[in-house]
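> fold the following.
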Amino acid sequence: MKKAIVVGCGSYIDSGYGCPGEWRCLKAAGEGDGKFEEPTHVVGFVKCECPGRATAPNVGMTIKLSEVKPDAIYLSSCMVGAKPGCPYSTPEEKAAFIQEKTGIPVILGTHEYK
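Sure, this is the predicted structure:
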């Protein structure tokens, strides 16, 4: 089974703007829906906190503490499709930065659930 870390938008999670934090992403991963090509074990869920500088180090710490290297890192659908978007960086910039720092592929989005 593939392993993944999901990164969610802390602002959306904390304020309840249509993202309760994890259940939609975890459901999609477990069922192999959305951007997950097959059922996937989520080994970590990291909240991106504004302005996002600590996101890559927090992902790295999650990998270290879980002692499991994920096959992929997913930016949650709330991060990718947020309206209004993040004022600090685009999802593509976040993905490139995380991938550069971890060497692990970063996928934009997790699910299509409403």
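> low-confidence ranges, the protein, go.
16-22, 114 (pLDDT under 70).
> and the helices in it, which stretches?
For the chain, the helices defined by DSSP state H occupy 10-15, 23-31, 55-66, 77-80, 91-102.
> state the number of residues packed around residue 23.
10 (other CB atoms under 10 Å). (Each C-beta comes from the backbone N, C-alpha and C, glycine too.)
> make residue 1 into 534 and carry on from there
All right, first residue 534 from here; so that's residue 556.
> let me see the contact set for it.
Taking CB atoms under 8 Å, 6 or more residues apart in numbering, we find residue 556 in contact with no residue.
> how does it look with 10 Å?
Listed by CB atoms under 10 Å, 6 or more residues apart in numbering, the contact set of residue 556 reads residue 646.
> please apply the same query to residue 629.
So residue 629 contacts 622-623, 639 (CB under 10 Å, 6+ apart).
> deepest of the helices of the chain, which one?
When the helices of the chain are scored by mean count of other CB atoms under 10 Å, the highest mean neighbour count falls to helix 610-613 (a mean of 24).
> what is it packed up against?
Using 3 or more CB pairs under 10 Å, 6 or more residues apart in numbering; DSSP states H and E, the elements in contact with helix 610-613 are strand 535-542, helix 543-548, helix 556-564, helix 624-635, strand 639-641.
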